[in-house]
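Student: quick one: sequence and predicted model below, then my questions.
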Amino acid sequence: MLHAPITAHAPARPQAAPAPLTPNAYLKLRRAAAGLTIAQVAEIIAPRQADRSEATAFVALVEADGVIALKETTLELLQTAYPFDPDVYRQLSAEPVERHPRICRGCGCTTYDPCVSDGQCCGWASDSSCDRCAGDATLGRGTRA
């Protein structure tokens, strides 16, 4: 009879795939990665003080669960405040989950618009995190596949 050593730790479980990212969650990630609050985005897209409360409500609405921006002008307006890939947004809005791009759950970067630091693009540390968000010291040496 063969015996295996008894170890103190539980066997490693396979990592579950991250839950699908919604289009509004993608926008929230990209806004946060830019270091902006909803109020700051509202200030950028509505420079007049009189328009700010409406702009704040607008930004909060497009980030609300279940809301999808249907007009290109909405995406263009948000892009004046922070960077994101409108094609990724559209994929998350209209494509089945298996056709969604790989997205970092820390900053929202993708294979199509990776983080760039000192001229180097980030790589993937895991299925749901780029090496910048994972704190990997090998920035720029990961693979973007």
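Tutor: Cool, the structure landed.
Student: distance of T56 relative to Q91?
Tutor: T56 sits 27 Å away from Q91, taking CB to CB, to the nearest Å as the criterion. (Each C-beta comes from the backbone N, C-alpha and C, glycine too.)
Student: surely D131 meets A125?
Tutor: Yes: using CB atoms under 8 Å, D131 is in contact with A125, at 4.3 Å.
Student: surely Q79 touches P86?
Tutor: Yes: in this structure, Q79 is within contact of P86 by CB under 8 Å, at 7.1 Å.
Student: tell me what the lowest-mean-pLDDT helix or strand in the chain is packed against?
Tutor: One helix or strand of the chain scores below all others by mean pLDDT, DSSP states H and E: strand 116-117, with a mean of 78. Of the remaining helices and strands, none touches strand 116-117 by 3 or more CB pairs under 8 Å, 6 or more residues apart in numbering; DSSP states H and E.
Student: centroid residue for the protein?
Tutor: Nearest residue to the geometric centre of the chain (CA atoms, centre = their mean): G108, 1.9 Å.
Student: measure the closest residue to it other than its chain neighbours to A46 for me?
Tutor: Spatial nearest neighbour of G108, chain neighbours left out: L29 (3.2 Å); criterion: CB to CB, 6 or more residues apart in numbering. According to CB to CB, L29 and A46 sit 22 Å apart.
Student: okay, and for this structure, where does confidence drop off?
Tutor: Within the chain, the segments meeting pLDDT under 70 span 1-17, 136-145.
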